[in-house]
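Colleague: sequence and predicted structure below; questions after.
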Amino acid sequence: VRRCLAISPDGRFLGMGTPAKPIVLIRLIDGSEFKRIEGLTSPAHALAFSPDGATLLTGGRDQTVRFWNIATGQPLSGSIKHKSWVEAVALTADGQWVASGGQDNMIKIWSSQDGKGQKELKGHTGIVDALAFSPDGKTLASGSADKSVRLWDLEKGAELKKLGVGEVFTPGTPT
């Protein structure tokens, strides 16, 4: 059973979170195991690769988002805490900003370099379990157990649009 998956930007590796805690990196070319990342304190619920593929982000039951060096399998400095389990992580295309969401119904935006510049986006009333940045890094989409998808303006830290179950968003239409 796999808890979460991510493919490296160069398409070389598949990262898989497992119930027993390690992250397993698989070579996609032949399906062989490349590395196990063993230092997690709880199973990962969310994974994301950095744009250069050198770093993996994890989020999970320990309420923390951590950075891992792919080559060494070792943790890097810097992490961010939530008030409950982390269920989703995402990075901007330039790797400068991280979004994390979880069972605290909150989204945190922070610098991948120093963990500063943090914003909290509030509005969901259920677990935030999906996040995706726009290519320019100015908009974030979030999905939640509250059956909504929200679009956020990251410069303002404000909600742009809320979509409920069955609603369709057409790009270019007024919000």
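Modeller: Structure received.
Colleague: for burial, what's the neighbour tally of the nearest residue to residue 145 once chain neighbours are set aside?
Modeller: The shortest distance from residue 145 to any non-neighbouring residue, by CB to CB, 6 or more residues apart in numbering, is to residue 126 (3.4 Å). Where C-beta positions appear, they are placed from N, C-alpha and C, glycine not excepted. Neighbours of residue 126 under the rule other CB atoms under 10 Å: 13.
Colleague: pretty sure residue 126 is touching residue 143, no?
Modeller: No: counting by CB atoms under 8 Å, residue 126 does not reach residue 143; the two are 9.7 Å apart.
Colleague: where does the chain have low pLDDT?
Modeller: The chain contains residues with pLDDT under 70 at 1-2, 117, 165-175.
Colleague: picking that back up, OK, contacts around the residue nearest to residue 145?
Modeller: 105, 144-147 (CB atoms under 8 Å, 6 or more residues apart in numbering).
Colleague: switch to 10 Å and redo it
Modeller: 103, 105, 143-148 (CB atoms under 10 Å, 6 or more residues apart in numbering).
Colleague: over to residue 141?
Modeller: 90, 99, 130-134, 149-152, 160-161, 163, 169.
Colleague: list the buried residues for stretch 41-48?
Modeller: Neighbour counts over stretch 41-48 (16 or more other CB atoms under 10 Å) mark 43-48 as buried.
Colleague: which of the residues you listed fall in strands?
Modeller: 44-48 (DSSP state E).
Colleague: what's the farthest-apart pair in the residues you listed?
Modeller: 45 and 48 (11.8 Å; CB to CB).
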